[in-house]
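Participant: Give me a model of this one.
(one chain, ligands or ions: 1)
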Amino acid sequence: MRNSIIAGTGSYVPDNIVSNDDLSKIMDTNDEWISSRTGIKNRCISIEENTSDLAYEAGLKAIKNARMIAEDIDLIIVSTITPDMQMPSVSCMVQKKLGAVNASAFDVSAACSGFIYAVDIADSMIRCGRHNNVLVIGAEVLSKSVNWSDRSTAVLFGDGAGAAVLKADDNKKGILYALTAAEGDKGQYLEMEEKPVISPFSNNKGTNINKFITMDGKQVLRFSTRVIVDAVKEVLEKTDESIDDIAYIIPHQANYRIIDYAAHKLNVDCSKFYLNIRDYGNTSSASIAIALDEAFRKNKVKKGDKVILVGFGGGLTYGAILVEI
Ligand code: COA
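Facilitator: Residues are numbered from 1 along each chain as shown. This is a model prediction of the structure:
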């Protein structure tokens, strides 16, 4: 039976580190408020690099770590909600920068669950025999879509990219189970860059268009705490695994309080969750991929370990994956 394994990972963040104290100089906030409510201390904010630049750097590292060359990649999937432009896609820009001439390429939009959705698609493409070596990237420059005069959202987000190469394999390892889900009826709780119909023929005058991220924090918190627990439980149930056999849960890095709550509900210590939110903030599509790559680099996960990746966010969407490293 053909399945897919993670052959290599990579990540890249802009080198401009912005601390909570830095933010307190440009808006009415403070380190105590941000740290205690979110667990975030720093985030990386791009000065000039756009999403495709971050995606390219992360992708390049993942290909090298997979011991491949760009020409080996036959599909590139980029998950992003902050593309350089609507067209061409970030994945096509990355294909060009990498010289991955044998790859087809498309973007996925599922916000903070996007990396999970993209890995699920890549895995399905490999299982059905359509592709062999798929580069999956989560990349965001959220700083260009943050309303810097809204302190309740501006302090939460950061820029970055993470990537993984999925490769066809005949052993019963790698991606063992994936679930994705959406609750579109709650989409209004987390929105960005409205694009209404405006033309010489429409009645819309284009006033009051929402360009930036807007969020009902309490509703999103309610959703996130519910689905992170449900998704992990479903993965365990469907695969007959015990949580004790899971080396790490690598969650979307949105808020420490969400993880604290989930750990309590799942009856595990917080240390079961791999966290780096302190250094990067919420990087949406990129966060799970950056954390996965960091966990590899720090030897926190090793061959044979079972790891659950779990994401939740805009859409509203969520998803989880069980992978044997
Ligand atoms: N610095 C200082 N004070 C701030 C602030 C900031 N950056 N942002 C908001 N405040 C103030 C508010 O104005 C409010 O003041 P008031 O009581 O005088 O009106 C107070 O802090 C409390 O605001 P509130 O929104 O009730 O805070 P909260 O405890 O709900 O925490 C979030 C806000 C955003 C941290 C929380 O709702 C959350 O984590 N939501 C989930 C967000 C998330 O993870 N989204 C991404 C999912 S993918």
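
Participant: average pLDDT across the helix or strand where Ile34 lies?
Facilitator: Per DSSP states H and E, Ile34 falls inside helix 31-38. Averaged over helix 31-38, pLDDT sits at 97.

Participant: For the helix or strand following that helix, give me every contacting residue.
Facilitator: Moving toward the C-terminus from helix 31-38, the next helix or strand (DSSP H and E) is strand 42-44. For strand 42-44, the external contacting residues (C-beta atoms under 8 Å, 6 or more residues apart in numbering) are 13-20, 157-160, 278-281, 283. To be clear about C-beta, it is placed using only N, CA and C from the backbone, and glycine gets the same treatment.

Participant: Quick check: what element follows strand 42-44 along the chain?
Facilitator: By DSSP H and E, the next helix or strand past strand 42-44 is helix 51-65.

Participant: now that next one, how far from the chain's geometric center?
Facilitator: 14 Å (C-alpha atoms, centre = their mean, to the nearest Å).

Participant: quick one, phi psi at the closest residue to the ligand within the stretch 151-300 of the chain?
Facilitator: Nearest residue of the stretch 151-300 of the chain to the ligand: Gly217, at 2.6 Å (C-beta to the nearest ligand atom). Dihedral angles of Gly217 (phi, psi; degrees, to the nearest 10) stand at phi -50, psi -40.

Participant: Give me the residue at the spatial middle of the chain.
Facilitator: Ser285 (2.5 Å; C-alpha atoms, centre = their mean).

Participant: From what I see, it and Ile116 are in contact.
Facilitator: No: with contact defined as C-beta atoms under 8 Å, Ser285 does not reach Ile116; the gap is 9.4 Å.

Participant: Quick check: neighbours shared by these two?
Facilitator: Ala110.

Participant: Now do stretch 123-132: distance from first to last residue.
Facilitator: End-to-end distance of stretch 123-132: 10 Å, with C-alpha to C-alpha, to the nearest Å as the criterion.

Participant: Which positions in this structure make contact with the ligand?
Facilitator: Contact residues (C-beta under 6 Å from any ligand atom) of the chain with the ligand: 29, 33-34, 37-38, 112, 151-152, 155, 215, 217-218, 220-221, 224, 254-255, 282, 313.

Participant: pretty sure Ala231 is touching Tyr318, no?
Facilitator: Yes: counting by C-beta under 8 Å, Ala231 touches Tyr318, with 5.6 Å between them.

Participant: any shared contact partners between these two?
Facilitator: Both Ala231 and Tyr318 are contacted by Ala181, Val310, Phe312, under the criterion C-beta under 8 Å, 6+ apart.

Participant: from those, which would you call buried?
Facilitator: For the shared contacts of Ala231 and Tyr318, a burial check counting by 16 or more other C-beta atoms under 10 Å picks out Ala181, Val310, Phe312.

Participant: What are the phi and psi values at the first one?
Facilitator: Taking degrees, to the nearest 10, you get phi -150, psi 160 for the backbone angles of Ala181.

Participant: hang on, the earlier thing: out of the buried ones among the shared contacts of Ala231 and Tyr318, which is nearest to Glu71?
Facilitator: Nearest to Glu71, judged by C-beta to C-beta, of these is Val310 at 33.3 Å.

Participant: The closest one: what secondary structure?
Facilitator: strand (DSSP: H, G, I helix; E, B strand; the rest coil).

Participant: for the stretch 101-250 of the chain, what spans make up the strands?
Facilitator: Assigned by DSSP state E, counting those that start in this stretch, the stretch 101-250 of the chain shows strands spanning 104-108, 133-140, 160-169, 174-182, 190-191, 214-215, 248-251.

Participant: what would these look like in JSON lines with mean pLDDT?
Facilitator: Output for the strands of the stretch 101-250 of the chain, formatted as JSON lines (pLDDT from 0 to 100):
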{"stretch": "strand 104-108", "mean pLDDT": "98"}
{"stretch": "strand 133-140", "mean pLDDT": "98"}
{"stretch": "strand 160-169", "mean pLDDT": "98"}
{"stretch": "strand 174-182", "mean pLDDT": "97"}
{"stretch": "strand 190-191", "mean pLDDT": "96"}
{"stretch": "strand 214-215", "mean pLDDT": "96"}
{"stretch": "strand 248-251", "mean pLDDT": "98"}
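
Participant: are any of the residues of the chain next to the ligand buried, and which?
Facilitator: 29, 34, 38, 112, 151, 155, 215, 220-221, 224, 254-255, 282, 313.
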